[in-house]
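Peer 1: Fold the following, please.
(chains A and B)
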Number of protein chains: 2
Amino acid sequence: MSEVNDIAGLDRLIHEPARLAIMSILYAAEKADFLFLLRETGLTKGNLSTHLSKLEEAGYIEIEKGYVGKLPQTLCRMTDNGRQAFDDYRRQLKDFLNNF
Amino acid sequence: MSEVNDIAGLDRLIHEPARLAIMSILYAAEKADFLFLLRETGLTKGNLSTHLSKLEEAGYIEIEKGYVGKLPQTLCRMTDNGRQAFDDYRRQLKDFLNNF
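Peer 2: Numbering: from 1, shown residues only, chains lettered A, B, ... in the order given. Model (predicted):
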């Protein structure tokens, strides 16, 4: 049963639903700021921060802290590695679904 | 972004890769015994037991303990509710993938 092995090999970092939501947004948008992600995902600030840090540690996203006037702004952007990992993940999932 | 909300609503009980593998096997097979599942999923006995219990608690599978001759046998079977939940899960995933 090859599909079972495929599932075991799924990128769990992306598979987790909150991170899957974040990756989906960043895949579509060039950049997204923290507040936008907060609103779109419905996560709490703490949870969103934790998930973003994990994605950053994996090299899937880059986080840029700066200011807009005097207001702090946290901008997130998907890296080329992140884009590649997300493409691979979706391909695996599609292959899995095609088995039914 | 409707797909993001869809992801948040994914059935996390099925989404977890080990349980996704178990559900895939039981969806295809009428019944599967513990040793077969062990071999197919590559999980440890303890992990497989834990995941099976969670799926049983959710009413997605039924577990029947019996004997073949003098050898104990644990048979697992997907319930109608489990089949429905798995169909729903795959539909959500497919909708999500169609957004890219």
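Peer 1: When you work out contacts or count neighbours from here on, use the C-alpha atoms and nothing else.
Peer 2: Noted.
Peer 1: mind checking how far the most centrally placed residue in chain A is from chain B?
Peer 2: In chain A, the centroid-proximal residue (C-alpha atoms, centre = their mean) is residue A:23; its distance is 2.4 Å. Using C-alpha to the nearest C-alpha, to the nearest Å, residue A:23 is found at 10 Å from chain B.
Peer 1: In three-state terms, label that residue for me.
Peer 2: Taking DSSP: H, G, I helix; E, B strand; the rest coil as the rule, one finds residue A:23 in the helix state.
Peer 1: what's near enough to touch it?
Peer 2: Applying C-alpha atoms under 8 Å, 6 or more residues apart in numbering or on different chains to residue A:23 gives the contacts A:14, A:78, A:86.
Peer 1: Please pick the buried ones from those.
Peer 2: A:14, A:78, A:86 (16 or more other C-alpha atoms under 10 Å in any protein chain shown).
Peer 1: now those residues in TSV, with pLDDT and secondary structure?
Peer 2: Below are the buried ones among the contacts of residue A:23 laid out as TSV (pLDDT from 0 to 100; DSSP: H, G, I helix; E, B strand; the rest coil):
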residue	pLDDT	secondary structure
A:14	96	helix
A:78	98	strand
A:86	97	helix
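Peer 1: Closest to residue B:53 out of those?
Peer 2: Residue B:53 lies nearest to residue A:14 out of these, by C-alpha to C-alpha, at 25.6 Å.
Peer 1: quick one: that closest one and residue A:88 touch, right?
Peer 2: No: Residue A:14 lies out of contact with residue A:88 (C-alpha atoms under 8 Å); the separation is 10.4 Å.
Peer 1: show me what contacts residue A:26?
Peer 2: Each residue near residue A:26 by C-alpha under 8 Å, 6+ apart is listed here: A:32, A:76, A:77, A:78.
Peer 1: Cool, thanks, signing off.
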